[in-house]
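J.: Dropping the sequence and predicted coords here.
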Amino acid sequence: MSSPPAAEPQSTKGPRTTTKTAPAKARTPRRTHSESARRQHAPSHRLETPQLDALHLELDRWFAANARELPWREPSCSPWGVLVSEIMLQQTPVVRVLPVWLDWMERWPEPADLAREASGEAVRHWGRLGYPRRALRLHAAALAIVEEHGGTVPGTYEGLLGLPGVGDYTAAAVAAFAFGERETVVDTNIRRVHARLVSGTALPAPSLTAAEMRLAEALMPEDPALSVRWNASVMELGALVCTARSPRCMDCPVRAECAWLAAGEPPPSYVPKGQAWHGTDRQLRGAVMAVLRVAEAPVARELFERTPADLGFAAEGTAVPLAALHRLNSAPEQLERALDGLVRDGLAELHDGDYRLPA
DNA sequence: CATCCGTGGGA
DNA sequence: TTCCCAAGGAT
């Protein structure tokens, strides 16, 4: 139904103006177990088998026919656009990211455009995507890109990993999808597909293991362009077919090779524990941020506490989110903790008893 | 390494 | 209605 998206490098990363190196304050590069595993070019078990070749072909064909058309997959999309999409997509479904991503790209087409703004503007236009710290980190990343990379998104795993909000997954994903690098991309979708297809289990381990990284590396095609395509294909299969709940195995292009199906779909060996929500600080923080995002002016602390006679003072627009906040009926000390936490995290500023987004 | 950090649509 | 959980990262 959709035209095959070409999984080609979206930027001919030409001269990336590497003249400005040696930043005054170099970020300490993070070292994760998966990165060390990535570094060891452990040729350990390269599975150059006919079966693997067939798998690559089957998934590639499926991807060509079934992949969603997403703007950040267009060859014309800049590395900046890919980076923004990847951070927005962290723990957030595609359908909710789409409108916000389009708004951001129009508003801030380049890192320097966002870097010129106050961080609070990034938070405001993050809307209701959730985890607003990501907006803060994206703004900080834009600043770092301008100050340390001449305004262009770094094109290597290491360079990307040094950016705020960019971890192992995002660094590999941007290097692969925006620059065509052969990187071992492992997200929750890919982990689940590997668990079922290869390991024969319903779910991957609770946390990412070194064995999974080795497996992911072993499954990737050698050719960089094909590896990029493979990474995108496995991720898309996990998102559309090999889903967490009620996988559509009938529509799976590789069901004949699936170890989990062959084993009779054994149930997961553990139950993922859900996150508490009602009555938590997170819920309260979310309600406070909903108020600050729509507020035109700083919001007095009393309005959060509901002491004034029921919102007579609420500035227009803030009445609804304030009412939602009051409905939570949280203890004063919890509200205090939430507000302090937001200020500590840089999501809000406090001036003379008034709260606002960071200016 | 376990925990924290938002949100809303679908099962 | 309730519960699950989606292209994770930082501490």
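T.: The structure has been received and is ready for your questions.
J.: Close to DNA strand C: what parts of chain A are there?
T.: Residues of chain A lying close to DNA strand C (C-beta under 7 Å from any atom of the strand) are A:30, A:70, A:72-73, A:85-86, A:89-94, A:130-131, A:137, A:164-171, A:173, A:187-189, A:235-236, A:238-239, A:243-245, A:272, A:274-275, A:277. Every residue, glycine included, has its C-beta placed from N, CA and C.
J.: near DNA strand B, from these?
T.: Among the residues of chain A next to DNA strand C, the ones lying near DNA strand B by C-beta under 7 Å from any atom of the strand are A:91-93, A:130-131, A:245, A:275, A:277.
J.: Using neighbour counts, trim the residues you listed to the buried set.
T.: Listed as buried from these are A:130-131; burial here means 16 or more other C-beta atoms under 10 Å.
J.: Regarding residue A:355, what is its secondary structure?
T.: strand (DSSP: H, G, I helix; E, B strand; the rest coil).
J.: Contact partners for it?
T.: The neighbourhood of residue A:355, defined by C-beta atoms under 8 Å, 6 or more residues apart in numbering, consists of A:288, A:292, A:298-301, A:304, A:339, A:342-343, A:348-349.
J.: The residues you listed in strands, which ones?
T.: A:299-300, A:349 (DSSP state E).
J.: neighbour-wise, which of these leads?
T.: Using other C-beta atoms under 10 Å as the neighbour criterion, residue A:299 leads the ones in strands among the contacts of residue A:355 with 24 neighbours.
J.: Need the pLDDT of that one.
T.: pLDDT recorded at residue A:299 is 93.
J.: Mind jotting down where the helices sit in the stretch 251-359 of chain A?
T.: A:259-262, A:281-294, A:301-305, A:319-327, A:332-344 (DSSP state H, counting those that start in this stretch).
J.: Redo those helices as CSV? Include distance to residue A:224 and mean neighbour count.
T.: What follows is these, written out as CSV (distance: least, C-beta to C-beta, whole Å; neighbours: other C-beta atoms under 10 Å):
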stretch, distance to residue A:224, mean neighbour count
helix A:259-262, 28, 16
helix A:281-294, 40, 20
helix A:301-305, 52, 17
helix A:319-327, 47, 17
helix A:332-344, 42, 15
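J.: Quick one: closest of the ones you listed to residue A:354.
T.: For those, distance to residue A:354 was read as C-beta to C-beta. The smallest value, 7.3 Å, belongs to helix A:301-305.
J.: picking that back up, adding distance to DNA strand B, write the ones in strands among the contacts of residue A:355 out as TSV.
T.: Converted to TSV, the ones in strands among the contacts of residue A:355 look like this (distance: C-beta to the nearest atom of the strand, whole Å):
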residue	distance to DNA strand B
A:299	15
A:300	21
A:349	16
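J.: Show me what from chain A comes close to DNA strand B.
T.: Checking chain A against DNA strand B by C-beta under 7 Å from any atom of the strand, the hits are A:33, A:91-93, A:95-96, A:128-133, A:206-207, A:245-246, A:275, A:277, A:280-283, A:285-287, A:289-290, A:341, A:347.
J.: Report the spatially closest residue to residue A:353, excluding sequence-adjacent ones.
T.: Excluding the flanking residues, the one nearest residue A:353 by C-beta to C-beta, 6 or more residues apart in numbering is residue A:301, at 5.1 Å.
J.: my guess is the one you found meets residue A:340, correct?
T.: No. The pair residue A:301 / residue A:340 is not scored as a contact, 11.5 Å apart, by C-beta atoms under 8 Å.
J.: Would you point out which residue of the stretch 201-350 of chain A is nearest DNA strand B?
T.: DNA strand B sits closest to residue A:286 of the stretch 201-350 of chain A, with a gap of 1.8 Å, by C-beta to the nearest atom of the strand.
J.: Now do the helices in the stretch 101-250 of chain A.
T.: A:111-115, A:119-124, A:133-149, A:157-161, A:168-179, A:188-194, A:210-219, A:224-240.
J.: could you say what helices and strands the second one packs with?
T.: Helix A:119-124 sits against helix A:133-149, helix A:281-294, with contacts defined as 3 or more C-beta pairs under 8 Å, 6 or more residues apart in numbering; DSSP states H and E.
J.: Now the ones you listed in a markdown table, please, with extra columns for mean pLDDT.
T.: Shown next, in a markdown table, are those (pLDDT from 0 to 100):
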| stretch | mean pLDDT |
| --- | --- |
| helix A:133-149 | 98 |
| helix A:281-294 | 97 |
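J.: residue closest to the middle of chain A?
T.: Central residue of chain A (C-alpha atoms, centre = their mean): residue A:90, 2.3 Å from the mean position.
J.: dump the residue contacts of that residue.
T.: Applying C-beta under 8 Å, 6+ apart, the residues near residue A:90 are A:131, A:134, A:170.
J.: Cross-check the contact I'm expecting between the first one and residue A:89.
T.: In other words, residue A:131. No. Counting by C-beta under 8 Å, residue A:131 stays clear of residue A:89, with 11.3 Å between them.
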